[in-house]
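J.: turn this into a structure:
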Amino acid sequence: MDTMVFPTLTEADTTLPLYLTSIGHWNNQETIDRPDGYPHFQWLQVMNGAGILQVGEHKMSVQAGQGFCLLPGDPHAYYATEEPWEIFWLSFRGDLSETMLRQAGIKQSGVYSTADHDMMMTHMKNIYAMTQSGRSFLGLECSKLVYMFLLDLMKVILVSSQSAEHHILKLKPVLKYIEDNYDKLITIKDLAACIDITPQYLCLLFKKALKMRPLEYVNRERINRSKELMFHESDIKMNEIARRVGFDSPSYFSSVFKRLEGLSPEQFKKIHGMR
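T.: Below you'll find the model as predicted:
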């Protein structure tokens, strides 16, 4: 069944960092030609059939199981090449929209594959069901669901050859090694050896999966453990904390803590009521 919903938005809804502007489903998507683009962000997920997406002069095929993203104002057209071309779609706006798509690796309008088509479809069906629920604060509820959709899109989008989720799974032994050995000296070679890869490839995996370097992740783990020590052992000295979480210098521990947390360890203790 063809459906299309444009939720009524309050002024408060349109100030949310993410908000739904429309959602729908076409049993057989008709040809769309928008030389001036569309004013909102759109994600369209293909259930069955196939088609062509044209963005500017560039044409891309779209198969079942893939999705395509359209950024505001990009001239585009799309049409079926294998019918019925069944599509679920949603559009959204808000200051976080572009940021979250970029974090998923989507920097331009185009066709994208996902590692979990069913999960993305479940999200879209849940958003549609919410628009039909008659719930109070519907704009807020839909905003939460769109946020969840985009968070999971970050995990499963296949921007290159593999998804971030795939990279995280590959890194699991490395992350476990860091968790078990944060209080000891850890080198890039140690971490790479956990999964029998080169240090260079390890850095690439961390960048793709976590958007940070391996030793930056190590330091974040150490700083988090230092905060736990402050909570559980309020009388512990800073030099002892530094030693127990793997820093060989209290001053370096303090500088890393301040860089990551925005305040010194002493200030952190004070604002949390710890003596």
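J.: tell me the helices in the stretch 101-250 of the chain, going along the chain?
T.: Using DSSP state H, counting those that start in this stretch, the helices of the stretch 101-250 of the chain run over 117-131, 138-156, 164-181, 188-194, 199-210, 214-232, 238-244, 250-261.
J.: Gln108: which of the ones you listed is closest?
T.: Evaluated over the helices of the stretch 101-250 of the chain, closeness to Gln108 peaks at helix 138-156, with 15.3 Å, by Cβ to Cβ. Glycine gets a C-beta too; all of them are placed from N, C-alpha and C.
J.: now the closest one against helix 164-181, angle please.
T.: Orientation check (axes from the mean of the first three to the mean of the last three Cα atoms, to 10 degrees): helix 138-156 against helix 164-181 gives 80 degrees.
J.: buried ones in helix 138-156?
T.: 138-139, 141-143, 145-147, 149-150, 152-156 (16 or more other Cβ atoms under 10 Å).
J.: what does stretch 23-30 give?
T.: Buried residues in stretch 23-30 (16+ other Cβ under 10 Å): 23-26, 29.
J.: taking those residues one by one, which sit in strands?
T.: Among the buried residues of stretch 23-30, DSSP state E puts 23-26 in strands.
J.: quick revisit: and the buried residues of stretch 23-30, which two are furthest apart?
T.: The largest separation in those, counting by Cβ to Cβ, is between Ile23 and Gln29 at 14.5 Å.
J.: chain center to stretch 225-239, what's the gap?
T.: 32 Å (Cα atoms, centre = their mean, to the nearest Å).
J.: show me which positions of that stretch end up buried.
T.: 225-227, 230, 238.
J.: export those residues to TSV and tack on distance to Lys269 and pLDDT?
T.: Converted to TSV, those look like this (distance: Cβ to Cβ, whole Å; pLDDT from 0 to 100):
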residue	distance to Lys269	pLDDT
Arg225	15	94
Ser226	11	95
Lys227	9	93
Met230	6	90
Met238	9	92
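J.: closest to Phe41 among these?
T.: Minimum distance to Phe41 across those is 36.6 Å, recorded for Lys227 (Cβ to Cβ).
J.: Lys269 is in contact with the closest one, correct?
T.: No. Using Cβ atoms under 8 Å, Lys227 is not in contact with Lys269; the gap is 9.3 Å.
J.: mind listing the shared neighbours of these two?
T.: By Cβ atoms under 8 Å, 6 or more residues apart in numbering, Lys227 and Lys269 have no common neighbours.
J.: doesn't Gln66 make contact with Ser113?
T.: Yes. Contact criterion Cβ under 8 Å: Ser113 and Gln66 qualify, at 5.1 Å.
J.: who has more neighbours, the two?
T.: For the pair Ser113 and Gln66, the greater number of neighbours falls to Gln66 (20 against 15), based on other Cβ atoms under 10 Å.
J.: good, we can wrap up now.
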